[in-house]
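Enquirer: Next comes the sequence, and after it the predicted model I'd like to discuss.
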Amino acid sequence: MVTYVAKLAALVLAVSIAATVLTISARAGEPPAAKNCVGAEEASAHAAGDDEAPPKFSRAMFQRRLTLDVSLDGADGRELPISIEAVCGLPKRRAKEGAALAGNDGIALLLPRTQIWLDGTRLSGTEAPTAIDGADTAVLKVRLVRPHAWREDEDGGRIPTFRTGRIDITD
């Protein structure tokens, strides 16, 4: 009986230690892997110079927190021009709406509360803008703003604009 209890206690301890090691080994600043992604290659990209109206989105799309895999081109004040490579964190019923964003350009608004992370470390002060200017790619946690508040691109066309909560610089 004592042997059985000792073995059970050892097993519980081993499982507890393994769970702790896995938790500690995960980087604190690294976001969890994104799920349910729509990539640019799957999206129906609009031709440059298209005079089409902005895509229509459901109310649920504006309330959803999205994960964007993007290419960056340096910040312009509080606006960060982005090229959207993939849109993640969508249920299947919103995949078509995500496809309307993937493969297009957008603007990520840098808010006072926006967190900027590099290699698991949260950046602050002058480190953050410097890191963004030198970055090529990032993963953003965002919410899509309503089309009436979308910013304009250099040609005067309205492009999707996002309130940015977190930026994880990947390269």
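Expert: Perfect, thanks for sending it.
Enquirer: Pull up the pairing partners for the longest strand seen in the chain, direction included.
Expert: Of all segments of type strand in the chain, defined using DSSP state E, the longest is strand 105-118. Applying DSSP bridges to the sheet, strand 105-118 is found paired with strand 79-88 (antiparallel), strand 121-123 (antiparallel), strand 161-169 (parallel).
Enquirer: Point out the one among the ones you listed that comes closest to Ala138.
Expert: strand 161-169 (5.0 Å; Cβ to Cβ). In this view, the C-beta of every residue, glycine as well, is placed from N, C-alpha and C.
Enquirer: buried sites along that closest one?
Expert: Neighbour counts using 16 or more other Cβ atoms under 10 Å place Thr161, Phe162, Arg163, Thr164, Arg166, Ile167, Asp168, Ile169 of strand 161-169 among the buried residues.
Enquirer: I'd like the residues you listed laid out as JSON lines, including distance to Ala102.
Expert: JSON lines is the format used below for the buried residues of strand 161-169 (distance: Cβ to Cβ, whole Å):
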{"residue": "Thr161", "distance to Ala102": "16"}
{"residue": "Phe162", "distance to Ala102": "13"}
{"residue": "Arg163", "distance to Ala102": "19"}
{"residue": "Thr164", "distance to Ala102": "17"}
{"residue": "Arg166", "distance to Ala102": "19"}
{"residue": "Ile167", "distance to Ala102": "18"}
{"residue": "Asp168", "distance to Ala102": "18"}
{"residue": "Ile169", "distance to Ala102": "20"}
